[in-house]
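J.: return a 3D structure for these sequence lines:
(one chain, ligands or ions: 3)
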Amino acid sequence: MAGYANIIIDISHEKLDKTFQYKVPKDLEEKLFPGVQVAVPFGNGNRSTRGYVVELTDKAEFEESRMKEIGAIEEESVPVEAKLIALAAWIRKQYGGTMIQALKTVLPVKQKAKQKEKRTLHLAVSAKEGARQLEIFQKKRHTARVRLLEALLKEKRIPYEVVTGKLNITASVVRALEELGLVKVEREQAFRNPLPDRIENGTNVLLNPAQQHIVTEIGRELSAGTPGTYLIHGVTGSGKTAVYIELIRQAVNRGKQAIVLIPEIALTYQTVIRFYQRFGERVSILNSRMSAGERYDQFLRAKSGSLDVMIGPRSALFTPFSNLGLIIIDEEHETSYKSETVPRYHARETAKERARMAGAGLVLGSATPSLESYARAKAGEYRLFELKERVEERPMPECEIIDLREELKKGNRSILSGRLQELMEDRLKKGQQIMLFLNRRGVSGFVSCRACGHVFQCPHCDVSLSQHNNGKLVCHYCGHEEPSLKVCPECGSKYVSGFKAGTQKIEELVKKRFPAARVLRMDFDTTRNKEGHEKILSAFANQEADILVGTQMIVKGHDFPNVTLVGILAADLSLHTSDYHGAERTFQLLTQAAGRAGRGTTKGQVVIQTYSPDHYSIQLAARQDYTGFFAQEMAYRSMMKYPPVWHMLVMLVASKDSMYGALCAELLGKKVAQAAEKGKITGLSMLGPADAAVAKVNDIYKKVIYFKHEDYGMLVRIKDALEEFISHHKEFLSVTVQFDFNPMNGF
Ligand code: ADP
Ligand code: ZN
Ligand code: ZN
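T.: Ligands and ions are numbered 1, 2, ... in the order given. Below you'll find the model as predicted:
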């Protein structure tokens with residue numbers, strides 16, 4: 001039984017770390033949980049002060065005899081902060097970490113930077129009374145007061161800067177007149193607004209019957225007060241955004257607010273402008289390029305009721321709307337929705353919880369839904385809607401697979417296949433645009449044979465082995481190691497290596513091959529400065545270039561109607577990852593990239609170059625067959641006990657001392673193994689300890705253990721037990737232990 005409660009008094013404080021511990025009175029034991037507002041005696045005078053319960057615990061932080069007791073529960077209205085604190089508690093429970101870390105995630109932390117405040121002075125009394133006072137000041141020769149009063153009698157309202165500047169009146173004089181009740185200072189917070197000042201009006205699209213059907217169905221449940229979770233599986237260019245906008249409009253008309261999550265790389269001017277056109281000043285955005293102060297301002301605007309819609313990446317989920325009606329997650333399969341720092345929450349799952357608490361609806365949308373969401377939709381947990389065709393009967397692109405092994409046989413060692421070069425030539429002649437896509441994602445240290453396509457894989461885990469500096473090939477799940485070979489064991493060829501070409505090299509190659517073409521490159525290097533991303537995209541949209549070469553950044557967020565050819569240079573790059581997502585990522589990237597072709601009226605063409613032309617993810621992406629891919633990939637996940645069929649928990653132990661860290665990891669692993677032996681846990685599968693994918697960073701050594709179980713709840717209990725064990729043993733003080741559920745990239 002939790003005997004103590006940690007209470008936070010001032011949630012607008014810069015430091016959320018400041019909690020105070022109180023005793024829980026017997027009669028309140030059952031009624032307290034994180035987020036509940038309570039009255040507590042505070043400070044030396046024990047003044048009754050309002051606070052929020054953030055955590056209940058049985059661990060006293062100081063002597064019990066000196067601890068004060070909670071007074072009462074404040075029941076009146078439940079502010080949005082209370083709900084966000086409850087959400088923080090849920091996040092902590094689901095994903096591990098401390099309550100403070102969770103609170104910092106959900107509550108906007110006030111910035112030290114001063115709020116910009118617009119102040120205006122005006123006369124607080126009648127002109128007659130003002131004139132009477134003026135005379136008094138004149139007699140007393142209070143010249144500064146005279147100056148101010150005279151000015152205010154002439155002009156009704158004067159900005160504060162003018163008073164202290166041009167009129168040369170000090171703050172203390174203003175204060176004196178304010179205290180006398182003669183002047184009033186109006187304070188208006190000037191929020192920084194990230195929107196462009198003027199927005200041209202857009203034309204509203206008329207929804208087609210397929211779009212209208214979705215709006216009607218979801219709209220009916222939302223307005224009936226029975227919101228659910230919905231998955232819109234719509235091919236690229238099927239008009240999902242138009243559906244979101246209409247659903248939001250209806251929610252706003254009912255007095256509700258909406259949050260729209262969009263991956264940061266897709267959060268472009270072209271996307272956002274569509275929302276501005278509809279909701280004008282009542283919409284705002286968040287992105288990582290904004291300063292902390294600007295971001296905080298947007299949260300305040302939301303809280304004060306001057307916004308209806310917030311658009312942004314993951315963190316926008318915590319916008320403090322008090323009457324939230326709808327959450328939309330576009331591109332719901334994106335890995336960026338999972339936090340890579342503690343707490344490692346998934347925005348999709350967390351959105352579901354926030355929606356539940358608020359009584360809001362949750363709409364997920366994608367051309368390539370995550371296996372998790374699609375499986376749930378098929379199981380009836382989510383309502384599934386399909387948009388199978390592009391708007392206005394625009395055709396889907398035609399895909400062709402090119403076998404790079406054949407190119408090598410023909411003596412073509414360039415990254416551009418003969419077929420792709422031929423098609424590029426044709427498009428350049430026609431004045432149409434081309435996108436070349438290199439799906440480099442994360443560190444893929446896989447090694448393959450360019451002659452036969454053989455990839456070195458772990459015999460136990462069915463994931464690609466990664467090349468290490470010591471020349472060995474290593475599996476990041478189970479730790480399996482083997483020496484790397486110079487010759488292919490399948491075909492005897494010497495073309496065995498990792499894949500090295502980057503976008504820059506490809507840009508050079510393309511320029512050499514097509515000297516007359518104008519080439520733009522978009523990757524991490526060319527988008528590093530604030531507007532780089534946007535500039536390149538709009539230059540390409542304005543047809544200032546013929547060819548755009550880029551990483552996965554180029555596959556989202558923009559419509560390029562003049563692009564009729566998309567070349568995917570090495571589809572294998574995302575296939576051979578050191579985790580189980582390879583096929584899924586590949587299918588998603590190929591589908592998204594292909595979706596860039598033929599957004600206008602001319603049919604698009606896609607060339608997929610690969611060393612594994614027979615791989616199902618590549619075959620099915622070329623055929624745009626999502627359901628076929630889903631079936632095959634689920635069978636693989638089920639066989640290998642990978643999510644979403646099973647769940648995975650990875651525990652990371654990081655230490656400065658490699659031996660000690662390894663020892664701790666082993667000890668924690670044994671702890672769980674013993675519980676399993678005693679029959680306390682059944683059906684658990686455990687892998688490791690093994691070196692983490694990046695085993696040593698800044699002289700910190702990292703070990704991982706993977707736990708797999710069919711029941712997510714069981715993994716949460718294992719995490720709880722381990723956290724509890726760690727907190728009671730000081731041996732773990734010098735190591736860092738972190739947890740990650742259903743990891744996206746692993747540690
Ligand atoms: P998705 O998000 O599914 O890729 P979008 O919502 O971006 O699709 O729509 C693709 C394009 O089609 C956009 O330019 C959009 O303005 C347009 N569009 C959407 N719905 C319609 C419609 N009903 N009629 C005509 N054009 C539409
Ligand atoms: Zn080979
Ligand atoms: Zn393995």
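J.: find the closest residue to ligand 2 in the stretch 551-700 of the chain.
T.: Proximity of the stretch 551-700 of the chain to ligand 2 (Cβ to the ion) peaks at Tyr611, 9.7 Å away. The way it works is simple: take the backbone N, C-alpha and C, and place the C-beta from them, glycine included.
J.: just the pLDDT at that residue, thanks.
T.: The score at Tyr611 is 90. That number is its pLDDT.
J.: ok, and the closest non-adjacent residue to it?
T.: Spatial nearest neighbour of Tyr611, excluding adjacent residues (Cβ to Cβ, 6 or more residues apart in numbering): Gly453 at 3.9 Å.
J.: swap in Lys486?
T.: Val496 (6.4 Å).
J.: in this structure the residue nearest to Tyr611 contacts Arg405, no?
T.: Yes. Between Gly453 and Arg405 a contact is recorded at 5.5 Å, counting by Cβ atoms under 8 Å.
J.: beta partners for Gly550?
T.: Gly550 forms beta bridges with Phe437, Met522, as assigned by DSSP bridges.
J.: residues touching it, list them.
T.: Shown in contact with Gly550 (Cβ atoms under 8 Å, 6 or more residues apart in numbering): 435-438, 503, 521-523.
J.: who in this structure is up against ligand 3?
T.: Within the chain, the residues that sit near ligand 3 (Cβ under 5 Å from the ion) are 458, 460-461, 475, 477-478, 480.
J.: buried only: go through those for me.
T.: The neighbour count (16 or more other Cβ atoms under 10 Å) marks 458, 461, 475, 477-478, 480 as buried among those.
J.: quick one: which of the residues you listed is nearest ligand 2?
T.: Among these, Cys458 lies closest to ligand 2 (Cβ to the ion), at 18.2 Å.
J.: how about whatever residue of the stretch 301-450 of the chain ends up closest to ligand 2: what's its closest non-neighbour residue?
T.: The nearest approach of the stretch 301-450 of the chain to ligand 2 comes at Cys449, 3.1 Å away (Cβ to the ion). With Cβ to Cβ, 6+ apart as the criterion, Cys449 has its nearest non-adjacent residue at 3.9 Å, and that residue is Cys488.
J.: cool, Gln738 as well?
T.: Gln738 sits nearest to Leu652 (Cβ to Cβ, 6+ apart), 4.6 Å away.
J.: so what does the helix or strand where the one you found lies touch, helix or strand wise?
T.: With secondary structure defined by DSSP states H and E, Leu652 is part of strand 647-655. Counting contacts by 3 or more Cβ pairs under 8 Å, 6 or more residues apart in numbering; DSSP states H and E, strand 647-655 is packed against helix 658-677, strand 700-709, helix 712-727, strand 736-741.
J.: any idea how far Ile245 lies from Tyr269?
T.: 16 Å (Cβ to Cβ, to the nearest Å).
J.: centroid residue for the protein?
T.: Arg314 (2.9 Å; Cα atoms, centre = their mean).
J.: looking at this protein, which residue reaches furthest from the middle?
T.: Centroid-distance maximum for the chain: Lys139 at 66.1 Å, with Cα atoms, centre = their mean.
J.: quick one: contacts for that residue?
T.: By Cβ under 8 Å, 6+ apart, Lys139 has no neighbours at all.
J.: kindly report the same for the one 10 residues further on.
T.: When the contact criterion is Cβ under 8 Å, 6+ apart, the partners of Leu149 are 130, 133-134, 137, 177, 182.
J.: so it lies in a helix, does it not?
T.: Yes. Remark: Leu149 belongs to a helix, assigned using DSSP: H, G, I helix; E, B strand; the rest coil.
J.: buried set for the helix or strand that contains Lys128?
T.: Assigned by DSSP H and E, Lys128 belongs to helix 127-140. For helix 127-140, a neighbour-count test (16+ other Cβ under 10 Å) marks 130, 133-134, 137 as buried.
J.: in CSV: these, plus pLDDT.
T.: Formatted as CSV, the buried residues of helix 127-140 follow (pLDDT from 0 to 100):
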residue, pLDDT
Gly130, 89
Gln133, 90
Leu134, 91
Phe137, 91
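J.: nearest to ligand 1, of those?
T.: Within the buried residues of helix 127-140, the smallest distance to ligand 1 is 57.5 Å, found for Gly130 (Cβ to the nearest ligand atom).
J.: which ones are touching the closest one?
T.: By Cβ under 8 Å, 6+ apart, the residues touching Gly130 are 123, 149, 152-153, 182.
J.: and those as TSV, adding secondary structure, distance to Thr241 and pLDDT?
T.: Converted to TSV, the contacts of Gly130 look like this (DSSP: H, G, I helix; E, B strand; the rest coil; distance: Cβ to Cβ, whole Å; pLDDT from 0 to 100):
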residue	secondary structure	distance to Thr241	pLDDT
Leu123	strand	51	87
Leu149	helix	57	89
Leu152	helix	51	88
Leu153	helix	55	87
Leu182	coil	55	88
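J.: His142 and Glu389: what is the separation?
T.: 78 Å.
J.: if the residue nearest to Gln738 is in a bridge, with which residues?
T.: Val704, Gln738.
J.: thought it was touching Val735?
T.: No. Using Cβ under 8 Å, Leu652 is not in contact with Val735; the gap is 9.9 Å.
J.: for the stretch 451-600 of the chain, give me the ranges with low pLDDT.
T.: Low-confidence segments of the stretch 451-600 of the chain (pLDDT under 70): 469, 499-501, 530, 557.
J.: where along it do the helices fall?
T.: Per DSSP state H, counting those that start in this stretch, the stretch 451-600 of the chain carries helices over the ranges 503-513, 532-541, 582-594.
J.: could you dump the ones you listed to TSV with distance to ligand 1 and mean neighbour count?
T.: Listed next are the helices of the stretch 451-600 of the chain as TSV, based on distance: least, Cβ to the nearest ligand atom, whole Å; neighbours: other Cβ atoms under 10 Å:
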stretch	distance to ligand 1	mean neighbour count
helix 503-513	24	17
helix 532-541	12	19
helix 582-594	10	25
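J.: to Val363, which of those lies closest?
T.: helix 582-594 (19.2 Å; Cβ to Cβ).
J.: how near is the residue of the stretch 301-450 of the chain closest to ligand 2 to ligand 1?
T.: Look at Cys449 and ligand 1: by Cβ to the nearest ligand atom, to the nearest Å, they are 37 Å apart.
J.: show me the contacts for Thr268.
T.: Counting by Cβ under 8 Å, 6+ apart, Thr268 has contacts 533-534, 537, 557-558.
J.: with Glu129 instead?
T.: Contact analysis of Glu129 by Cβ under 8 Å, 6+ apart lists nothing.
J.: do that again at 10 Å, thanks
T.: Listed by Cβ atoms under 10 Å, 6 or more residues apart in numbering, the contact set of Glu129 reads 123, 181-182.
J.: what residue in the stretch 551-700 of the chain comes nearest to ligand 3?
T.: Leu687 (7.4 Å).
J.: Three-state assignment for Met435, please.
T.: Going by three-state DSSP: Met435 is strand.
J.: list the contacts of it.
T.: 520, 522, 540, 547-550, 554-555, 560, 563-568, 593, 596-597, 604, 606.
J.: mind doing that once more with 7 Å?
T.: 548, 554, 563, 566, 596 (Cβ atoms under 7 Å, 6 or more residues apart in numbering).
J.: for the stretch 151-300 of the chain, what spans make up the helices?
T.: Using DSSP H, counting those that start in this stretch, helices in the stretch 151-300 of the chain cover 160-164, 171-179, 209-223, 240-253, 269-279, 292-303.
J.: nearest spatial neighbour of Asn287, skipping sequence neighbours?
T.: Leu267 (5.7 Å).
J.: oops, could you answer that again for Ile245 instead?
T.: Closest residue to Ile245 apart from its sequence neighbours, by Cβ to Cβ, 6+ apart: Arg278 at 5.4 Å.
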